[in-house]
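Novice: sequence first, predicted coordinates after that:
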Amino acid sequence: MIVDECKIGNTRIKVCDDACVKTQEEIDRILARVAKIIKKALSGT
């Protein structure tokens, strides 16, 4: 279910509550994945 929606420039952002993170381990795994994606994007590879 979409709980919020906004637009920044040409980017449309939809916030969904379909998945709930329940443990600190899940949070850490998600943050590590996000960090890896951001580092890759910033390095240009």
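Specialist: Sure thing, it's come through.
Novice: for the chain, which spans come out with low pLDDT?
Specialist: Filtered on pLDDT under 70, the chain yields the residue ranges 45.
Novice: the spatially most central residue of it in helix, strand or coil?
Specialist: Per C-alpha atoms, centre = their mean, the C-alpha nearest to the average position across the chain is that of residue 34, at 6.6 Å. Here residue 34 takes the helix state, with states given by DSSP: H, G, I helix; E, B strand; the rest coil.
Novice: and it, how far from residue 16?
Specialist: 16 Å (C-beta to C-beta, to the nearest Å). The way it works is simple: take the backbone N, C-alpha and C, and place the C-beta from them, glycine included.
Novice: now residue 25
Specialist: For residue 25 relative to residue 16 (C-beta to C-beta), the value is 22 Å.
Novice: what of residue 35?
Specialist: 22 Å.
Novice: cool, and residue 6?
Specialist: Distance from residue 6 to residue 16, by C-beta to C-beta: 13 Å.
Novice: you'd agree residue 15 is up against residue 5?
Specialist: Yes - taking C-beta atoms under 8 Å as the definition, residue 15 is a contact partner of residue 5 at 7.2 Å.
Novice: tell me which stretches of this structure form strands.
Specialist: 2-8, 11-16 (DSSP state E).
Novice: list the buried residues of the shortest one.
Specialist: I take that to be strand 11-16. Buried residues in strand 11-16, counted by 16 or more other C-beta atoms under 10 Å: none are found.
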